[in-house]
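Visitor: Here is a sequence with its predicted model. Questions after.
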2 protein chains.
Amino acid sequence: MKNLFSSLPKDLSAEVFEDIVSSESVRIERIVSKGHTSPESGWYDQEESEWVIVLQGAARLSFDDGREESLGVGDFINIPAHSRHRVSWTDPTCPTIWLAVFYI
Amino acid sequence: MKNLFSSLPKDLSAEVFEDIVSSESVRIERIVSKGHTSPESGWYDQEESEWVIVLQGAARLSFDDGREESLGVGDFINIPAHSRHRVSWTDPTCPTIWLAVFYI
């Protein structure tokens, strides 16, 4: 992969997570969703902080304090480590492309 | 700034660099160029590695081994620390928006 919008996975029956960069301190990941929510149950509760941007499609994140954030193209959010959250909606009509940077 | 494509600097007489995230190990930056090349003279020779993607516009990078890379929307490249490089061209007709992740 040399272009974030190309080589999209053909099988989107499940969300697809692909590492682009992985070093000791940072991991850059492309995530492609299509109508998925995640995790299946409960919350993400991560050791690392995560900065994430939607670059195609649309999504909604929920936080365990009740907050909801709708993300369209170009919208980004920073999620501190251990801020419990989940993907509560992604556009079912087209692939949603996320770029996520996990860091310590 | 909550959207990478909004709040573009009005004054693009010089390139504009804005920190989005800054931690001990990572820095995420938006760079907006319009016809600029950089640095003014010589090469970037960085202590950190840099992963960079063009999200609007177009650009060209040159490396001191003679390699050139043209980047359109969605194209990304990983530049290891101390890989001497420069921005040899950016589209003069519209702002080019880069997202850069500097990491160790």
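Guide: The structure has been received and is ready for your questions.
Visitor: Would you pull up the residue in chain A closest to chain B?
Guide: residue A:25 (3.6 Å; C-beta to the nearest C-beta). C-beta here means a position set from N, CA and C on the backbone, and glycine is covered the same way.
Visitor: quick one: pLDDT of that residue?
Guide: Predicted confidence (pLDDT) for residue A:25: 91.
Visitor: can I assume it is in contact with residue A:104?
Guide: Yes - assessed by C-beta atoms under 8 Å, residue A:25 is found in contact with residue A:104 at 5.5 Å.
Visitor: so what's in contact with these two at the same time?
Guide: Residues touching both residue A:25 and residue A:104 (C-beta atoms under 8 Å, 6 or more residues apart in numbering or on different chains): residue B:25.
Visitor: Break down chain A into its strands, ranges please.
Guide: Under the criterion DSSP state E, strands of chain A are mapped to A:16-22, A:26-33, A:49-56, A:59-63, A:68-71, A:76-79, A:85-90, A:96-103.
Visitor: of all those strands, which gets the most neighbours per residue?
Guide: strand A:96-103 (a mean of 22; mean count of other C-beta atoms under 10 Å in any protein chain shown).
Visitor: tally of neighbours for the residue of chain A closest to chain B?
Guide: Residue A:25: 14 surrounding residues under other C-beta atoms under 10 Å in any protein chain shown.
Visitor: Not counting its neighbours along the chain, what's nearest it?
Guide: Spatial nearest neighbour of residue A:25, chain neighbours left out: residue B:25 (3.6 Å); criterion: C-beta to C-beta, 6 or more residues apart in numbering or on different chains.
Visitor: Kindly reformat the strands of chain A as a markdown table containing distance to residue B:76.
Guide: Shown next, in a markdown table, are the strands of chain A (distance: least, C-beta to C-beta, whole Å):
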| stretch | distance to residue B:76 |
| --- | --- |
| strand A:16-22 | 7 |
| strand A:26-33 | 9 |
| strand A:49-56 | 11 |
| strand A:59-63 | 21 |
| strand A:68-71 | 20 |
| strand A:76-79 | 16 |
| strand A:85-90 | 22 |
| strand A:96-103 | 9 |
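Visitor: on that earlier part again, in contact with the residue nearest to residue A:25: list those residues for me.
Guide: With C-beta under 8 Å, 6+ apart, residue B:25 has these contacts: A:25-26, A:103-104, B:103-104.
Visitor: which one among the residues you listed gets closest to residue A:16?
Guide: Distance to residue A:16, by C-beta to C-beta, is smallest for residue A:26 among the contacts of residue B:25, at 20.3 Å.
Visitor: Distance of that closest one relative to residue B:1?
Guide: 21 Å (C-beta to C-beta, to the nearest Å).
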